[in-house]
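K.L.:
Below are the sequence and a predicted model for it; my questions follow.
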Amino acid sequence: MTDYLLFAVFPYICLVMAIVGSIWRYTSDRFSYSSLSSQFLETRQLFWGSVAWHYGILIALTAHFVAFLIPDTILWWNGVPARLYAMEVTGFVFGLLALAGVIFLLIRRITTPRIRVVSSKMDYVLLIALLLQVATGIWTALFYRWGSSWYSAFGVPYLWSVLELRPDIQLVNNLPVITRIHIVNAYFIVLLIPFTRLVHFLSIPVEYIWRPHQIVRWYQREKVTAPNASSLVKS
Amino acid sequence: MDVRAQVSMMFHLDKCIGCHTCSIACKNIWTDREGTEYMWWNNVETKPGTGYPTQWEDQGKYKGGWEPKGDTIKLRATDKFRGLANIFHQPHLPTIDDYYEPWTYKYKDLFDTEAGDDQPTARPISLITGEYMDINAGPNWDDDLGGSEIYARNDPNLNEGEREVLLEIERLVFFYLPRICNHCLNPACVASCPSGALHKRGEDGIVLLDQNVCRAWRYCISACPYKKTYFNWKTGKSEKCILCFPRIESGQPPACFHSCVGRIRYLGVVLYDAEKIEEYASAPESELIQRQRDMILNPHDPEVIEAAGKSGVHFSMIEAAQKSPVYKFVKEWDMALPLHPEFRTLPMLFYIPPLLPVIGYVEKGNYRLDDEEFFTTLDKARLPMRYLASLFAAGDESRIRSVLEKMLAVRMYRRAQEVDDITPEQVKVLLERTGLTEKECEEIYRLTALPTFEDRFVLPPSHREYQTELAIDDPYTFKAEIGVGGSLNIDDRPHRGL
């Protein structure tokens, strides 16, 4: 029953609330959409925390996503031990990078007086959830090898089953507790998106790459042309 | 030709007395909220000095503005891919300590302290953390050289030799530089904003920041070479000078202009050719000022008027451009120069550089000057011409000299009339050398010394009849709300995100 709630019901609660919540926040309180950067108040520690965290988690997340799309290719790739090791070591290194980053960010937020002032409760909730997520991920990679293979074999089909609205909890029944925490906590983080600064990840500014440098906004609805501009010409 | 209108500005530094009334007027209206305590959208700097934020002109440190790249230009530190790679941490972003940490005093202690042998004191506490702090810098910390040579010595515009020479007592000199947002034609803040929050208002060229679109990527702060966009640490959004557009729209000049005691500020519309922005901003450094002047079009030219009408510039705007005092100073008389044109943002705030005192010597306890020829005094000015050129002319001293000669010529022209110790022949020589006519001298004199409120501020027409319809389709959308879209609940101010 617990399994059913955690792996077949909770995901949908989180997803629906994340989507509805994000849209609701965007329409009702657009001003609050922000990454709420604190670099202006403290920059040196942020460098070590933020850069390590973001690059670490981006690579790790991308790896999860790629395996989600092409699990068979990952399994084929892992068929040769050397390639499997390369895959696992790469994932592990970026996982560690993210772990170091998130720990650094948490310590910075707690110990720097200026940063404490601009911290909300949800900031701490989010950071702890992220820390838990990365820690359980690294734990899984370290003690239940080879994660990239059985994620592709069990995790990915389960995720697809959730996405296709026929959740198959048999696939996750026998996973280690740590890994199950990893999965449930992932849903929780999705749930947090509209309720924390995590909304900034919905506004990744890709458009900037191809948009022209300068932006002009015309505030009048229609361009007002000159009715008799010629009268301004002095003969 | 894509003609657009720009509300542009001119500050006459020869008249600035450094009283900071402008800064206070701005502060009281726009930046007296939490998170904005440290912001001075309008600030007045003592030059030579380090400025606000400290050493903002040093782009080796802050990497703001544009730099040439092949035939065109790119943002110095924050352009496209390279900029986005630094989105998680910007290496050249100033922090609050480059401005100053805002503070108040714990006045409560003065009342609550128990009786004792010592006087109670109100210790400074930080307006950010609320903790006790030592004040290391504050607004106008280097005002009038700040009682120290440190600030003048560290001015990025001075070279090594000048640093030493400047502090000889006979040379000691400073002047004031009021700064607001330049509302540039090629703004680096707009170009660098990944979210597209910053934009130029099409109707009058005011550079605005849409806080509902801002995501605190903070590129604008790094990119603006004048450091005139600011980060509100409380709301997590950027803010900047809005040229008091609500005042302009209701027929009043911006607060800093209105309150200026020395009446140094002028405001007027100029028409420019928007198609030329990229080409002219990419010109060689020595041509930048000339190019920027070329871009400003003659509002009396029939071709310009026709093209302006076609591109949607209202005829009353063209009319305002024809009366613009800024156009006269910048284009007709060529007397006003942009601040640091080498940043290539095409700033639309122009300055008339100050005529500084000349070097003298002390003889028998009296301070004396050398025999003065009219123009040789310029070479004996206490501040080297090179210094002014580094501020206002990308290093081109001849431009500064030409402006100062014109100012001297107008003075001599008037002196010939009022004091009569200068002959008409002498005046004629001066006029020939500067290319000014007597009529122009008279006009410059009147617009410099005797301008009325209406002479100084030729505001763009506001046209409320069009503006009530801005971006609102149904006029009843905001019925029973304050203004255009405000809430009746006063606590419903925009608040920081979760």
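P.N.:
Looks like it arrived, so ask away.
K.L.:
Provide the count of other residues in contact range of B:Leu288.
P.N.:
As a burial measure, B:Leu288 scores 22 neighbours (other C-beta atoms under 10 Å in any protein chain shown). Backbone N, C-alpha and C define where each C-beta goes, glycine included.
K.L.:
Find the nearest non-adjacent residue to it, please.
P.N.:
The shortest distance from B:Leu288 to any non-neighbouring residue, by C-beta to C-beta, 6 or more residues apart in numbering or on different chains, is to B:Pro341 (4.4 Å).
K.L.:
show me the contacts for the one you found.
P.N.:
Residues in contact with B:Pro341, defined by C-beta atoms under 8 Å, 6 or more residues apart in numbering or on different chains, are B:288-289, B:292, B:347, B:392-394.
K.L.:
Run a quick neighbour tally on B:Ala115.
P.N.:
Every residue meeting other C-beta under 10 Å relative to B:Ala115 is counted, giving 5.
K.L.:
Now do the strands in the stretch 301-450 of chain B.
P.N.:
Secondary structure of the stretch 301-450 of chain B (DSSP state E, counting those that start in this stretch): strands at B:337-338, B:349-352, B:360-363, B:366-369.
K.L.:
residue ranges with poor pLDDT in chain B?
P.N.:
Applying pLDDT under 70 to chain B flags residues B:169-170, B:359-361, B:367-376, B:464-493.
K.L.:
run the last query once more with 80
P.N.:
Across chain B, the ranges flagged by pLDDT under 80 are B:78-79, B:82, B:147-148, B:160-172, B:356-377, B:379-382, B:420, B:461-495, B:497-498.
K.L.:
do chain A as well
P.N.:
Counting by pLDDT under 80, chain A contains low-confidence ranges at A:219-235.
K.L.:
Next, name the residue at the spatial heart of it.
P.N.:
In chain A, the centroid-proximal residue (C-alpha atoms, centre = their mean) is A:Phe201; its distance is 6.4 Å.
K.L.:
Give me the secondary structure label for it.
P.N.:
helix (DSSP: H, G, I helix; E, B strand; the rest coil).
K.L.:
so what's it up against?
P.N.:
Counting by C-beta under 8 Å, 6+ apart, A:Phe201 has contacts A:Ile193.
K.L.:
Kindly confirm my reading that A:Thr62 forms part of a strand.
P.N.:
No - counting by three-state DSSP, A:Thr62 falls outside a strand, being helix.
K.L.:
which other helices and strands contact the helix of greatest length in chain A?
P.N.:
Identified as the longest helix of chain A according to DSSP state H is helix A:81-111. Helix A:81-111 sits against helix A:44-46, helix A:52-69, helix A:71-77, helix A:113-117, helix A:121-143, helix A:147-150, with contacts defined as 3 or more C-beta pairs under 8 Å, 6 or more residues apart in numbering or on different chains; DSSP states H and E.
K.L.:
elements contacting the second one?
P.N.:
Looking back up the chat, that one is helix A:52-69. When contacts are defined as 3+ C-beta pairs under 8 Å, 6+ apart, helix A:52-69 sits against helix A:81-111, helix A:121-143, helix A:156-163.
K.L.:
That one relative to helix A:121-143, how many degrees between them?
P.N.:
Helix A:52-69 and helix A:121-143 meet at an angle of 60 degrees, taking axes from the mean of the first three to the mean of the last three C-alpha atoms, to 10 degrees as the criterion.
K.L.:
Let's see helix A:52-69 as PDB, backbone CA atoms only.
P.N.:
Output of helix A:52-69 as PDB, limited to C-alpha atoms (Å, rounded to 0.1, in the frame of the first residue of the first chain):
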ATOM      1  CA  ALA A  52      30.300  23.300  -9.000                       C
ATOM      2  CA  TRP A  53      26.700  22.600  -8.200                       C
ATOM      3  CA  HIS A  54      25.200  23.800 -11.500                       C
ATOM      4  CA  TYR A  55      27.700  22.100 -13.800                       C
ATOM      5  CA  GLY A  56      27.700  18.900 -11.800                       C
ATOM      6  CA  ILE A  57      23.900  18.600 -11.600                       C
ATOM      7  CA  LEU A  58      23.400  19.700 -15.300                       C
ATOM      8  CA  ILE A  59      25.600  16.900 -16.500                       C
ATOM      9  CA  ALA A  60      24.100  14.300 -14.100                       C
ATOM     10  CA  LEU A  61      20.600  15.300 -15.000                       C
ATOM     11  CA  THR A  62      21.300  15.200 -18.700                       C
ATOM     12  CA  ALA A  63      22.700  11.700 -18.300                       C
ATOM     13  CA  HIS A  64      19.500  10.600 -16.600                       C
ATOM     14  CA  PHE A  65      17.500  12.200 -19.300                       C
ATOM     15  CA  VAL A  66      19.500  10.600 -22.200                       C
ATOM     16  CA  ALA A  67      19.200   7.200 -20.600                       C
ATOM     17  CA  PHE A  68      15.400   7.900 -20.200                       C
ATOM     18  CA  LEU A  69      15.200   8.500 -24.000                       C
END
